[in-house]
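Trainee: Here is my input; please provide its structure:
(2 chains, ligands or ions: 2)
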Amino acid sequence: MWYYAARRVLLAIPIALGVTVICFCLVYLAPGDPVQTLLPPDATQADVAYLKKVYGFDKPIPVQYAKWLGRAVTGDLGTSIQTNQPVLREVLRALSHTLVLSIGAVLVAYPLALALGTLAAFTIGRPPDRLATAISVFGVSIPNYWLGIVLIIVFAVKLGALPVAGMGPNGSDSFDITRWAQFRYVILPVVTTACVPLGIIMRTTRSAVAEVLSQEFIQTLRAKGLRRGAVLRHAVRNALPQMLAVMGLQFGYLVGGSILTETIFTWPGTGLLLSKSILTRDIPMLQGAMLVLALCFVGINLAVDLLQTAVDPRIKRA
Amino acid sequence: MSLAQAIPDVATKAPLVQVRDLHVSFVSREETVRAVNGVSFDLMPGEVLCIIGESGSGKSVTMRALMRLLPRKRAVITGELRVGAHDMIALDERRLSEIRGSVVSMVFQEPMTALDPVYTVGRQITETILRHQRCGRRTAWARALEILQLVRIPSPERRLHAYPHELSGGLRQRALIAMALSCRPSLLLADEPTTALDATVQIQVLILLRKLQKEFGMGLIFVTHDLGVAAQIADRVAVMYAGQIVEEGSARDVLMQPRHPYTIGMLSSTVTAEARGRDIEAIAGSPPDMRVLMQGCSFAPRCRFSVAACSTTTPEPVAVGDRHSARCIRLPETFDPAAR
Ligand SMILES: Nc1ncnc2c1ncn2[C@@H]1O[C@H](COP(=O)(O)OP(=O)(O)OP(=O)(O)O)[C@@H](O)[C@H]1O
Ligand SMILES: [Mg+2]
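Mentor: Ligands and ions are numbered 1, 2, ... in the order given. Below you'll find the model as predicted:
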């Protein structure tokens, strides 16, 4: 087991390296000149050349990559062209805000999705299944931004029960979720964010558990006198690896942030950061943000992989 | 005291299993499949009954009906089903689950798919024991080990901690048998338990089953395609065709003096040749479509003895000897002394 885990971790390193190459190069595939946006329209060619030299854009791309990577491994992702702040700090701050939403969404959506999906699988074609399926279709197909706006109108504007947007009176930097006064700000964006993973995971759970329930060994379990609850435990345990995979994937997407949700709720997370740096051609920021998010994704996948191995004896551990 | 002594003697004449006029149909919006059409038989404690018949003749459905394992909504069951003192039709799901695994157990055909792949063999056996017997984990584990020794699984301690995919087909089937026997049931249902195994393993498992059945004084209903197997282990044989038992009697009577044309046809393809291991496929024609309601004898279209009356009268079981009966209106003609 430990040997296997160590091997998986080592295997993740080349993947991470590949990720850095892609993050670095993708930015150069897009049209537009980063320096142009910093300068007034009437800037001279000499000004442009000077700025390019300052930011290192005048070197060939492989050289730029090597330099960038060399600094990246030490934790230095450069400085934002727009704000002049260290990229890593900005990215981590945005990430921490998004994590509040994504972990909140996970806590809301995952248990609910697992419970409803399992219930649906056990009652296929009957009312509980119909209801659960309806909820899941609703979750997947309702557009985020629409739901967010409706929630704001109902709970913030009409009822006045919850704040409209933002991260509380003290702003994003001193956000403290353990305080009710600030916790209130989390509720609506978390509900909005939880919707899609709720639907997707419920659907996956339903089909995975139903698939297990149709397998032959379920007959054996019933034939040896197990009650519904015990049979259910076997079914869920068998469907677990598949469910873990989807849950990990969904969490990965959540960590990437949602531009729409974060815009509606003025929540300064990764989605907003990414869109801002794309619009302003803030290349160091864009590269840094993509790299950090991609590494998160690799890490989450690795964790899922190890968890799957831990729960499924059929996966070879050698 | 061994369990064999605890089981009342065969001579006391209370049947362990009583099936009367069992009908099972699968109802869906599009069609109704009449899988079992009036099956009746008795099984005495400690007896071995072999059910033989073509694919689709309703053998498995009969077995599952006996344990009430068929889907409640889709499968309509009528008739009488008794196991010991239990009326299997009247019991609710909770009481049924108490009987399953403790009074009646089942061994399935496919050892590869009949075990839960993510639990160890030991967990699956102790789970059964803990479900039905009042004992702690340690005791259950010790009993599981004991039962693995009983079914002759080599290095049983190690096998308790193994996952199903780590065992060969033969060992898995032994593990399944161990699981089925772990609470000492008085009736074991075995639905083609050796079909999926290769020949040498088949014989070993068969001998083992027979031995354990004797040791435990257990009733055994054994479904098979293989006449050789039936001849080897059965006390009684029931031949099924199109959801009915067309002939039933002691193994000797049915296999040596068959009276129903279907049994005769089935045996004639086997008796002369090297008897073992042949499938029952040599009769011309194909079995009837179970979705349409049959008039008369369902074997008539394929029967060489059939006359006009066969397709209008539904034959009832007729006694042709001591505890030997056949469903055929042409019985006098089917008596063929040359066949003995
Ligand atoms: N769950 C079900 N729903 C609908 N029809 C079924 C179901 N189970 C069995 N049947 C039908 O009942 C009939 C009898 O099936 P059964 O499995 O008892 O045959 P069998 O004698 O065991 O055959 P085999 O030797 O191939 O195992 C078949 O026509 C089959 O299609
Ligand atoms: Mg069958």
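
Trainee: Could you look up the next helix or strand downstream of the helix or strand where residue B:264 lies?
Mentor: Following DSSP states H and E, one finds residue B:264 within helix B:261-271. Scanning forward in sequence from helix B:261-271 by DSSP H and E, the next helix or strand is strand B:317-321.

Trainee: Using CSV, write out every CA atom in that following strand.
Mentor: The C-alpha coordinates for strand B:317-321 follow below in CSV (Å, rounded to 0.1, in the frame of the first residue of the first chain):
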residue,chain,number,x,y,z
PRO,B,317,-50.0,-36.3,-13.2
VAL,B,318,-50.7,-40.0,-13.3
ALA,B,319,-49.2,-42.5,-10.9
VAL,B,320,-47.1,-45.0,-12.8
GLY,B,321,-45.5,-46.7,-9.8
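
Trainee: Who does that strand pair with, and is each partner parallel or antiparallel?
Mentor: Strand pairing for strand B:317-321, using DSSP bridges, gives strand B:324-327 (antiparallel).

Trainee: Could you list the buried residues of the strand it pairs with?
Mentor: Buried residues in strand B:324-327, counting neighbours by 16 or more other C-beta atoms under 10 Å in any protein chain shown, are found at B:324, B:325, B:326, B:327. C-beta: built from backbone N, CA, C; applies to glycine.

Trainee: For the helix or strand that that strand is followed by, give me every contacting residue.
Mentor: Following strand B:324-327 in sequence order, the next helix or strand is helix B:331-334 (DSSP H and E). The contact list for helix B:331-334 (C-beta atoms under 8 Å, 6 or more residues apart in numbering or on different chains) reads B:259, B:260, B:261, B:264, B:305, B:318, B:320, B:326, B:328.

Trainee: Please work out the residue of chain A nearest to chain B and name it.
Mentor: Residue of chain A nearest chain B, by C-beta to the nearest C-beta: residue A:225 (3.4 Å).

Trainee: And the pLDDT for the closest residue to that residue other than its chain neighbours?
Mentor: For residue A:225, ignoring the flanking residues on the chain, the nearest one in space by C-beta to C-beta, 6 or more residues apart in numbering or on different chains is residue B:101 at 3.4 Å. Note on residue B:101: pLDDT of 91.

Trainee: hmm, back to that, which one of the contacts of helix B:331-334 is nearest residue A:130?
Mentor: Nearest to residue A:130 out of the contacts of helix B:331-334 is residue B:260 (C-beta to C-beta; 49.5 Å).

Trainee: Tell me how many other residues crowd the residue of chain A closest to chain B.
Mentor: Residue A:225: 23 surrounding residues under other C-beta atoms under 10 Å in any protein chain shown.

Trainee: residue contacts, it?
Mentor: By C-beta under 8 Å, 6+ apart, the neighbours of residue A:225 are B:97, B:98, B:99, B:100, B:101, B:102, B:128, B:131, B:132.

Trainee: helix/strand/coil for the closest residue in space to the second one that isn't next to it in sequence?
Mentor: Taking C-beta to C-beta, 6+ apart, and ignoring the residues beside it in sequence, residue B:98 has residue A:225 as its nearest neighbour in space, at 6.4 Å. When the structure is reduced to helix, strand and coil (DSSP: H, G, I helix; E, B strand; the rest coil), residue A:225 reads as coil.

Trainee: So residue A:202 sits against residue A:132, correct?
Mentor: Yes - assessed by C-beta atoms under 8 Å, residue A:202 is found in contact with residue A:132 at 6.3 Å.

Trainee: Dump the contacts of helix B:331-334 into a markdown table; add distance to residue A:186 and pLDDT as well.
Mentor: Putting the contacts of helix B:331-334 into a markdown table (distance: C-beta to C-beta, whole Å; pLDDT from 0 to 100) gives the following:
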| residue | distance to residue A:186 | pLDDT |
| --- | --- | --- |
| B:259 | 81 | 88 |
| B:260 | 77 | 90 |
| B:261 | 79 | 88 |
| B:264 | 80 | 87 |
| B:305 | 83 | 81 |
| B:318 | 81 | 87 |
| B:320 | 82 | 86 |
| B:326 | 78 | 90 |
| B:328 | 79 | 87 |
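
Trainee: Can you select the buried ones from those in PyMOL?
Mentor: Buried subset of the contacts of helix B:331-334, written as a PyMOL selection, criterion 16+ other C-beta under 10 Å:
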select buried, chain B and resi 259+260+261+264+305+320+326+328
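
Trainee: In TSV: the contacts of helix B:331-334, plus distance to residue A:111.
Mentor: As requested, the contacts of helix B:331-334 are exported to TSV (distance: C-beta to C-beta, whole Å):
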residue	distance to residue A:111
B:259	65
B:260	60
B:261	63
B:264	64
B:305	67
B:318	64
B:320	66
B:326	61
B:328	63
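
Trainee: between the contacts of helix B:331-334, which is nearest ligand 1?
Mentor: Nearest to ligand 1 among these, counting by C-beta to the nearest ligand atom, is residue B:260 at 16.8 Å.

Trainee: Could you double-check that that closest one sits in contact with residue B:324?
Mentor: No - using C-beta under 8 Å, residue B:260 makes no contact with residue B:324, being 10.6 Å away.

Trainee: Spell out which residues are contacts of both of residue A:202 and residue A:132.
Mentor: Common neighbours of residue A:202 and residue A:132, using C-beta under 8 Å, 6+ apart, are A:116, A:117, A:120.
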